[in-house]
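> Show me the folded form of this:
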Amino acid sequence: MSTDSFKNTLRKRSVFYNSAVLNMAAIKRDEQWYNCRSVILFSYESPQNVSESIVNVGDFSIYRHSSNTELMMKQIETILTTGKLSLGDNTCLFMGADDKVSSLRYENWTSRYSERSRERFNIDWPIDCFKSEVQHKFENDLQKIFDDADGKVRCLDPPFESVYDLVKSMMKIDKWDFRDSSNARGSVLYLIFPIFLGIDECSLDGNKFECKVRFHESINPSDIRLSVIEKGPITKRRQLGFGGSSMLKEPIMTARSDTTLEDVSDASIFLFLKTEAEVIDKRDLRNRRSEINRRLFAHELFDEGAEQFQNYLSGKEKQNKSSNFEWAVATLLHFCGFRTELMGSKGLGEVPDILAYPPNENAVIVGECTLTAPDSSKISLLSERARNLKESMGIDVKPTIFANVEESSLQNIPPGGEVKIVGSGKLREMFDMASRGTSADEIFDRIFTW
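Presented below is the predicted three-dimensional model:
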């Protein structure tokens, strides 16, 4: 993303922002400071105009700088164009190993979704999030610097277990970032722009629907709309407005929309909060009277929102992608109500990745998982395994390839006889059906009629 595009994005929301705060974790090598993690968070609050080192333990420091929006924008432009930022008497470098600065990229997954921004950044608003990331030229030296800092941060008051714990406690970085030495490398810059319009509380109990939104006083509540989409045998669409606004805490207002949704089913509904023609926030809301998917419910007690599961299913995790994807597919089939066995990553030799049985066990899915579009040899091998299994068991055998590839990239795959290929879009649809309490038999029929 160009600097001009980034400025235009900010300009659209300039009425919200009076200040911005930079929190930066930096390391020193050969008397030169290098950015490790930086977060710039924009706010409607008045600027404090403070610049200070809040933690300094030898070659590791956390620096905080607050200023008005205009000054911070100039400093961001300096970082993005020169790779440098002056901090008092020192200069901190944001450059990578090739002495180049990484361009910003827009973080689609965490943006415009308040539940995800709350989970990932502990921010209670939808956000526009941008990220810049480059590798340091001295990656091999980082571990020693962090190890030395660990001993010092344990002597702070209050103490911290490690430098990773310190950074996570003091900076609003992605919760999955900077957890240990394996993902604490490189120079990363987050630019976070809260959108001060978001879904606060909402519920659906039978056909009684309640929703409260929070918004900046500069927004006219009559311009706020909530699109409600119910997916079932027939997709139903509604649009609601808000009335009766009141002050929550200056300059934040609230408004409610309480109504009865006629002919609503027991399924989940999808909410899209918008103003003018722009979607700002969204929410997947389960009807309190719907059937609960107990398998998914139990999983989410330990993996909130099934976020890690969804990362593995989509291939977003960089390490162990193949085995993580196999686990995610087997877990998805478990959520869908199948009895599953994960075989492929267990060192059993030439075996299928997954076996999955519907509740009545009158059939079995023989599954292979792949991160790329399957070739003819993978299709032929699975087809042969399915034939052998059918001869041995005498039940219906469904050979299926689960591919971490969008369906548009699977269109040119030659027909594989009975072999079914399920791409990323269909995997997401299976998860949606499981979340809505769709039965295993219905999901089974759906897979093999796609």
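> which stretches of the protein form helices?
Remark: helices assigned in the chain by DSSP state H are 3-11, 69-82, 114-121, 142-153, 163-170, 294-300, 307-314, 321-335, 376-393, 424-435, 440-447.
> and stretch 197-212, how far apart are its ends?
Terminal residues of stretch 197-212 are spaced 11 Å apart (Cα to Cα, to the nearest Å).
> Name the residues of it that are buried.
Within stretch 197-212, the residues scored as buried using 16 or more other Cβ atoms under 10 Å are 197-200, 202, 204, 209, 211-212. Backbone N, C-alpha and C define where each C-beta goes, glycine included.
> Those in strands, which ones?
Judged by DSSP state E, the buried residues of stretch 197-212 include 197-200, 202, 204, 209, 211-212 as members of strands.
> I'd like those written out as JSON lines, with distance to residue 80 and pLDDT added.
Below are these laid out as JSON lines (distance: Cβ to Cβ, whole Å; pLDDT from 0 to 100):
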{"residue": "197", "distance to residue 80": "27", "pLDDT": "95"}
{"residue": "198", "distance to residue 80": "28", "pLDDT": "96"}
{"residue": "199", "distance to residue 80": "32", "pLDDT": "95"}
{"residue": "200", "distance to residue 80": "34", "pLDDT": "91"}
{"residue": "202", "distance to residue 80": "38", "pLDDT": "88"}
{"residue": "204", "distance to residue 80": "44", "pLDDT": "86"}
{"residue": "209", "distance to residue 80": "44", "pLDDT": "90"}
{"residue": "211", "distance to residue 80": "39", "pLDDT": "93"}
{"residue": "212", "distance to residue 80": "38", "pLDDT": "93"}
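> now, the most widely separated pair of the residues you listed?
197 and 204 (21.0 Å; Cβ to Cβ).
> Now do the contacts for residue 270.
Applying Cβ atoms under 8 Å, 6 or more residues apart in numbering to residue 270 gives the contacts 228-231, 282-285.
> Can you flag the buried ones in the residues you listed?
Buried members of those, scored by 16+ other Cβ under 10 Å, are 228, 230-231, 282-283, 285.
> what's the closest of those residues to residue 422?
Taking Cβ to Cβ as the measure, residue 422 lies nearest residue 231 of those, at 19.1 Å.
> For that closest one, give its distance to residue 426.
Distance of residue 231 to residue 426, computed by Cβ to Cβ, to the nearest Å: 15 Å.
> Repeat that for residue 153.
47 Å.
> Residue 59 now?
Using Cβ to Cβ, residue 59 is found at 50 Å from residue 426.
> can you check residue 226 too?
Taking Cβ to Cβ as the measure, residue 226 falls 29 Å from residue 426.
> Can you pull out the low-pLDDT segments for the protein?
Residue ranges of the chain with pLDDT under 70: 1-5, 97-98, 232-233, 264-267, 288-292, 345-348, 414-417.
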